[in-house]
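1. I would like the atomic coordinates for the input below:
(one chain, ligands or ions: 1)
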Amino acid sequence: MGKVRYGIIGIGKMGHTHAQKIKKGLDKNATLTAVCDISEERIKWAKQNLQGVKVVEDYKELIAMPDVDAVVVATPHYLHPEIATHALNSGKHTLSEKPAGVYTKALAPLYKAAADHPELTFGIMYNQRTNPLYKRAKDLIETGALGKLKRINWIITDWYRTQAYYDQGGWRGTWAGEGGGVLLNQSPHQLDLFQWLAGMPTKVRGYAKVGVGRKINVENDVTIYTEYANGASGVFITSTHDYPGTNRLEITGDGGKIVIESTLLGAKMIFNKLNKFESKFNAENKKFMPMRPIKITTYEYSTNILQKAIRWGIIGEHMYIFRNFSKAVLGKESLIAPGIEGINGLTLSNAAYLSTWLNKDIILPIDEDLFYTELQKRVEEEALITAGMTKNEH
Ligand SMILES: NC(=O)c1ccc[n+]([C@@H]2O[C@H](COP(=O)([O-])OP(=O)(O)OC[C@H]3O[C@@H](n4cnc5c(N)ncnc54)[C@H](O)[C@@H]3O)[C@@H](O)[C@H]2O)c1
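-> Below you'll find the predicted structure:
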């Protein structure tokens, strides 16, 4: 195979950007063969703007094209598992947008298709895994420099969205169309990184508040508490109504602490490395409250506004995943974000909802059938609210 010939399904806000960037040649191993959308307006746009690219309305038609090697799924989330499953079962390499789906139960056929086709590359668009700061944090954890995990805390409240965003209609911000709010739309990136860095917890307690300061049916303010098999704990806080928001990740281990804070102007990582593991110091120390118990060496790493502009604007972080995905298809690299890992972040959000709805701790793995039943209740209630009917319980 020379270049990987892509077909993109869903050319809305995200899919059309992917299409344009591939057309511009930002991934030298990629070429765009076809796009697909069900919207007349998007089809018109594609015909006017993507010269030489085939445009179809039926995703199965795109997947069946012999000159499409790899399929990108960029439709609303509910459709991701269905389309990705069909693509893999049709022998196509598949790159799904995040999240993997809306509920983990829907992923079973997809993961079976992936297991049945190990010759195919199956990835997920977790572009923030390519951020050099998070990659460094991952290295520090995997090489053992941070020591045994004690705590992971992430405040990610800079996903500011107005009422106008939710009022734009369509599938966003509804149980029926999107399956949730901030946990499914904005924060899947950080939920994925949370588990990529700390592993999966054993227990989740969630508080997902619906419609804080916004007239919406879904959550836009969430606090999640997590517990891990080794006794570590975590807190994940996210919202779309705080302004100014915060994006601060802290990971504490036996060997020190990593802090990564991002702002509009760039991002900074500080690693305070203990010269002796805290557990070792504690075992040897005789003082009750030592002032400077362990010597610290501080390492700093930052990315500035220009680097941010290149990553996000000129190239676009998603293209780093495309470049990696194309090379993986060509057998030159392993995947940064394998598709089968998509279930982890989704499990965290499903568990946080279930915990909120049942008002209790959720021990993983979650009860997928129960989650699905509870989700359907929200979808049905929403339909009644939309129809102007009120609930009358007996
Ligand atoms: N990785 C990221 O950073 C990132 C950023 C934005 C969006 N996304 C993800 O991309 C997906 C799409 O988001 P968006 O903002 O582009 O939404 P969008 O509504 O702008 O685009 C979705 C498109 O899919 C089309 N579509 C719907 N059903 C279809 C079908 N059966 N066949 C073909 N096309 C169909 C719609 O007509 C629409 O044009 C979401 O899952 C979202 O989470 C990811």
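
2. list the buried residues in stretch 379-390.
-> For stretch 379-390, the buried set under the neighbour-count rule, 16 or more other C-beta atoms under 10 Å, comprises residue 382. The C-beta positions use only the backbone N, C-alpha and C, and glycine is treated the same way.

3. what sits up against that stretch?
-> 174, 175, 176, 217, 391 (C-beta atoms under 8 Å, 6 or more residues apart in numbering).

4. okay if I get those residues as CSV plus neighbour count?
-> Converted to CSV, the contacts of stretch 379-390 look like this (neighbours: other C-beta atoms under 10 Å):
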residue, neighbour count
174, 21
175, 22
176, 16
217, 19
391, 7
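
5. nearest to residue 319 among these?
-> The closest of the contacts of stretch 379-390 to residue 319 turns out to be residue 174 (C-beta to C-beta; 30.4 Å).

6. surely that closest one is in contact with residue 218?
-> Yes: in this structure residue 174 lies within contact range of residue 218 using C-beta atoms under 8 Å: 6.6 Å.

7. now, among the contacts of stretch 379-390, which is nearest to the ligand?
-> residue 174 (12.4 Å; C-beta to the nearest ligand atom).

8. what helix or strand is the closest one on?
-> Applying DSSP states H and E as the criterion places residue 174 outside every helix and strand.

9. ok, now which ones touch it?
-> 216, 217, 218, 382.

10. restrict these to those near the ligand?
-> Near the ligand, taking C-beta under 6 Å from any ligand atom as the test, no member of the contacts of residue 174 is found.

11. which ones among the residues you listed lie within helices?
-> residue 382 (DSSP state H).

12. need the contacts of residue 174 in CSV with distance to residue 109 and pLDDT, can you?
-> As requested, the contacts of residue 174 are exported to CSV (distance: C-beta to C-beta, whole Å; pLDDT from 0 to 100):
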residue, distance to residue 109, pLDDT
216, 31, 94
217, 28, 93
218, 26, 97
382, 26, 92
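
13. and which of the contacts of residue 174 is nearest residue 114?
-> Distances from residue 114 to the contacts of residue 174, taken by C-beta to C-beta, are shortest for residue 218, at 29.1 Å.

14. may I see the buried residues of the worst-scoring helix or strand of the chain on mean pLDDT?
-> When each helix and strand of the chain is scored by mean pLDDT, DSSP states H and E, helix 305-309 comes last, with a mean of 80. For helix 305-309, a neighbour-count test (16+ other C-beta under 10 Å) marks residue 308 as buried.

15. residue contacts, the closest residue to residue 378 other than its chain neighbours?
-> Among residues not flanking residue 378 along the chain, residue 175 sits closest, at 4.2 Å (C-beta to C-beta, 6 or more residues apart in numbering). Taking C-beta under 8 Å, 6+ apart, we find residue 175 in contact with 217, 218, 375, 378, 379, 381, 382.
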